[in-house]
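1. Fold the following, please.
(one chain, ligands or ions: 2)
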Amino acid sequence: MTNPTSRFDSETDTVYSEAGISTEPFSFDEAVARVFPDMIRRSVPGYTTIVPMIGLIAARFARPGTACYDLGCSLGAVTLAMRHSIPHTDGRIIAVDNAESMIERCQHYIALDDGQLPVELMCADIQEIDYQPASVVALNFTLQFIPVAERAPLLNRLRESLEPGGALILSEKIAFADSDEQALHEALHRDFKRAQGYSEMEISRKRNALEEVLIPETLETHRQRLLDAGFARVTLWQQSLNFVSLLALAPEKDNRREETSV
Ligand SMILES: C[S@@+](CC[C@H](N)C(=O)[O-])C[C@H]1O[C@@H](n2cnc3c(N)ncnc32)[C@H](O)[C@@H]1O
Ligand SMILES: O=C(O)C(=O)C[C@]1(C(=O)O)C=C[C@@H](O)C=C1
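-> Ligands and ions are numbered 1, 2, ... in the order given. Predicted structure coming up:
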């Protein structure tokens with residue numbers, strides 16, 4: 001299949017250029033949605049590899065008759081990757097985002113797509129919806145925008161909605177406990193953005209805008225939170241600089257159900 005990240009017709013991201021907008025905190029508004037494919041590709045090292053790989057991972061874990069979630073779906077890149085990799089059509093992908101400008105565009109791309117697996121779009125807060133029995137849940141650079149104290153309750157609920165052996169894919173920008181390592185990764189990420197054509201001003205403005213909006217945590221914090229939520233195995237399957245993706249697997253046997261049934 002073609003890489004879903006190349007399906008989107010995107011304008012060049014000039015949101016933080018001279019001609020662009022100001023010093024407001026970052027938000028997923030109309031201006032961002034319009035340039036989003038270009039913005040995320042040029043800001044997140046590894047993004048164009050991670051998206052089709054999530055399709056492959058979903059194909060291994062998706063079970064007929066269950067839901068696959070794309071949480072914080074933006075324009076639906078992960079939804080399309082899953083839709084074209086999952087071999088069955090008995091089930092559905094539920095794609096959720098609380099930004100109207102994203103969901104409207106996502107709707108457009110799903111309508112253009114010829115995949116057979118049903119897709120349901122929801123404009124909603126992923127913390128507030130009821131979850132259906134699921135075999136795959138993807139959070140591709142979404143949890144980092146949820147307030148830190150609310151991350152564990154959300155992951156606990158997602159773990160509960162997963163079928164035995166189900167998979168949660170968590171991609172995040174991470175922080176480092178060691179200040180020298182943190183500084184090194186920040187410098188390398190800045191180099192990456194510069195190599196993608198962003199100016200010093202664009203890089204600095206976006207950094208300021210994201211300051212209290214995107215809160216990165218360490219890899220260890222993410223790993224421990226997933227284990228605490230009841231995942232049986234957590235494995236790092238991708239890292240590019242300070243951007244990682246983890247695969248967390250629900251236990252094959254649902255211990256909690258067994259405990260309550262005796
Ligand atoms: C970095 S983007 C995700 C990129 C996307 N998953 C992809 O692979 O292209 C983060 C998305 O999460 C959404 N988001 C943030 N907080 C949310 C929440 N509480 N509920 C639903 N969506 C949320 C934002 O609107 C945004 O579209
Ligand atoms: O950390 C940065 O500088 C980023 O630009 C990262 C990031 C992300 O990880 O979501 C932030 C906002 C946009 O959605 C695209 C990329």
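2. Every contact and neighbour count from this point should use C-alpha atoms.
-> Noted.
3. Any idea how many residues pack against residue 146?
-> Neighbour count for residue 146, taken as other CA atoms under 10 Å: 15.
4. State the distance from it to residue 26.
-> Look at residue 146 and residue 26: by CA to CA, to the nearest Å, they are 14 Å apart.
5. can you check residue 51 too?
-> 23 Å.
6. Not counting stretch 23-40 itself, show me its contacts.
-> 5, 8-15, 47, 74, 99, 101-102, 105, 205-206, 208-213 (CA atoms under 8 Å, 6 or more residues apart in numbering).
7. if we go to 6 Å?
-> Stretch 23-40 has contacts (CA atoms under 6 Å, 6 or more residues apart in numbering) with 10-13, 101-102, 209-210.
8. Where helices are concerned, which of these count?
-> Counting by DSSP state H, the part of the contacts of stretch 23-40 found in helices is 101-102, 209-210.
9. so which of those residues is the most crowded?
-> residue 102 (24 neighbours).
10. which non-adjacent residue is nearest that residue?
-> With CA to CA, 6 or more residues apart in numbering as the criterion, residue 102 has its nearest non-adjacent residue at 5.0 Å, and that residue is residue 74.
11. my guess is the one you found meets residue 100, correct?
-> No: at 9.5 Å, residue 74 does not count as touching residue 100 under the criterion of CA atoms under 6 Å.
12. how about low-confidence regions in this protein?
-> Within the chain, the stretches with pLDDT under 70 are 1-2, 19-22, 254-262.
13. let's go with 90 and repeat that
-> Along the chain, the parts satisfying pLDDT under 90 run over 1-10, 17-24, 253-262.
14. which parts of it sit against ligand 1?
-> 28, 72-74, 77-78, 96-99, 102, 124-127, 140-142, 145-146 (CA under 6 Å from any ligand atom).
15. for residue 13, what are its contacts?
-> Per CA under 6 Å, 6+ apart, neighbours of residue 13: 35, 38-39.
16. Go through the residues you listed and say which is closest to ligand 2.
-> Closest approach between the contacts of residue 13 and ligand 2, by CA to the nearest ligand atom: residue 39, at 5.8 Å.
17. So for the strand or helix carrying that closest one, what gets flagged as buried?
-> Secondary-structure assignment from DSSP states H and E places residue 39 in helix 30-43. Using 16 or more other CA atoms under 10 Å as the test for burial, helix 30-43 gives 32-43.
18. what two of the residues you listed are the furthest from one another?
-> 34 and 43 (15.4 Å; CA to CA).
19. of residue 74 and residue 100, who's got more company?
-> A count of neighbours by other CA under 10 Å puts residue 74 above the other of residue 74 and residue 100, at 27 against 17.
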